[in-house]
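Chemist: Dropping the sequence and predicted coords here.
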Amino acid sequence: MGESEQWQAKWHGLQDVLGPKWTLHILRLLSDDPYGFNAIQRELDGLTAPMLSRRLKELRCHGLVERTVADTTPPETTYSLTEQGTEIATRLRELEPLFELHDQEAENATIDCSTPSQECRGEALENGCVTVTDRC
């Protein structure tokens, strides 16, 4: 396998693991503290219980999240990042400063995130977009 094929395979793997909706949100939230299932759902507005369950199972399967069940009545389940999950979340958090949140109403004269020709994701925020710094 050539060098180009190797990095492409790795990036396809990254996309497969990190690409599904809500995955990055869950990793980011768990990078702060362990959370229970219901607490995760409360923190991530719009995330349904079936979707959260699916994502947590996937993240556990990939070795990024671990599930701990306390021997209490009723049993208390918490989710936290594994060592590998912490490493990935830390590196992803290092990318946060590269992105800015643009409020379209405040900058509507200079940024139009509704047109497909702009390098923006208008669907990312209700009234704006998320862009790489100085790209939009």
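Modeler: Yep, that arrived.
Chemist: Need the residue closest to the centroid of the chain.
Modeler: Centre of the chain computed as the mean C-alpha position; nearest residue by Cα atoms, centre = their mean is Leu24, 1.2 Å away.
Chemist: list the contacts for that one?
Modeler: Contacts here follow Cβ atoms under 8 Å, 6 or more residues apart in numbering; on that basis Leu24 touches Leu18, Leu92. The C-beta positions use only the backbone N, C-alpha and C, and glycine is treated the same way.
Chemist: And it, how close does it get to Leu47?
Modeler: In this structure, Leu24 lies at 12 Å from Leu47, with Cβ to Cβ, to the nearest Å as the measure.
Chemist: now for the longest helix anywhere in the chain, which elements pack on it?
Modeler: Longest helix in the chain by number of residues (criterion: DSSP state H): helix 3-18. Using 3 or more Cβ pairs under 8 Å, 6 or more residues apart in numbering; DSSP states H and E, the elements in contact with helix 3-18 are helix 23-30.
Chemist: Next, the angle from the helix it packs on to helix 3-18.
Modeler: Here the directions of helix 23-30 and helix 3-18 differ by 70 degrees (axes from the mean of the first three to the mean of the last three Cα atoms, to 10 degrees).
Chemist: before we move on, what SS does Tyr79 have?
Modeler: Reducing the assignment to helix, strand or coil with DSSP: H, G, I helix; E, B strand; the rest coil, the entry for Tyr79 is strand.
Chemist: Count the residues that sit near Arg28.
Modeler: 14 (other Cβ atoms under 10 Å).
Chemist: any idea which element the closest residue to Ala49 other than its chain neighbours lies in?
Modeler: Counting by Cβ to Cβ, 6 or more residues apart in numbering, the nearest residue to Ala49 once its immediate chain neighbours are dropped is Gln41, at 6.2 Å. In this structure, Gln41 sits in helix 37-43 according to DSSP states H and E.
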